[in-house]
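Chemist: no sequence for this one, just the structure:
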């Protein structure tokens with residue numbers, strides 16, 4: 001079975017960084033994608049879709065530090081639906097993108113950067129992938145970029161920008 005999402009869009013507001021009870025960083029991004037089509041009468045119709053994205057670990061901190069409202073990003077991940085109970089005891093659901101990769105697409109003068117990379121590498125450390133001390137960087141694995149399962153605390157639908 002396949003559960004894969006890839007979007008390119010702009011942030012509708014600054015990332016929200018919080019920490020789970022165990023201290024793991026989690027960032028929430030609200031990303032807008034646009035689509036245009038022509039209706040039956042020949043009129044061009046523009047439609048914006050808002051996506052809630054959860055980013056974990058080092059990528060979450062990098063997103064909070066380097067992204068802001070209007071930033072262009074590429075997100076790769078999977079869909080996940082969470083269930084919780086609101087204050088009235090009603091079951092609530094939300095579907096989000098659980099990011100496995102976040103790439104910054106519009107950093108001034110630097111081109112695209114990957115939020116999961118080490119900080120020295122992001123700034124183009126001299127020596128072609130070695131840190132300032134000269135020690136080679138270890139290869140990052142997919143596990144480094146994937147965070148823990150979604151935190152259990154409930155998210156409020158009031159956060160949604162529409």
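Modeler: In hand now; what should we look at? Keep in mind it's a predicted model, so treat the numbers as computed, not measured.

Chemist: the bottom helix or strand of the protein by mean pLDDT?
Modeler: Least confident helix or strand, the chain: helix 119-122 with a mean of 38, by mean pLDDT, DSSP states H and E.

Chemist: would you list every one of the helices in the chain?
Modeler: 57-66, 119-122, 142-145 (DSSP state H).

Chemist: any idea which of the ones you listed scores lowest on pLDDT?
Modeler: Note on these: lowest mean pLDDT is at helix 119-122, with a mean of 38.

Chemist: The lengthiest strand in the chain - which strands sit beside it in the sheet, and in what orientation?
Modeler: Looking across the chain with DSSP state E, the single longest strand is strand 91-107. The pairing partners recorded for strand 91-107 under DSSP bridges are strand 44-56 (parallel), strand 72-85 (antiparallel), strand 111-114 (antiparallel).

Chemist: What residues of that strand count as buried?
Modeler: Residues 94, 96-104 are the ones in strand 91-107 that count as buried (16 or more other C-beta atoms under 10 Å). Heads up, the C-betas are built off the backbone N, CA and C, glycines and all.

Chemist: That one to helix 57-66, inter-axis angle?
Modeler: Using axes from the mean of the first three to the mean of the last three C-alpha atoms, to 10 degrees, the direction of strand 91-107 lies 60 degrees away from that of helix 57-66.

Chemist: any idea of the mean pLDDT for strand 91-107?
Modeler: Taken as a whole, strand 91-107 has a mean pLDDT of 94.

Chemist: Report the residue spans of the protein with pLDDT below the cut-off.
Modeler: By pLDDT under 70, the weakly predicted segments of the chain are 107-162.

Chemist: This completes my enquiry, with thanks.
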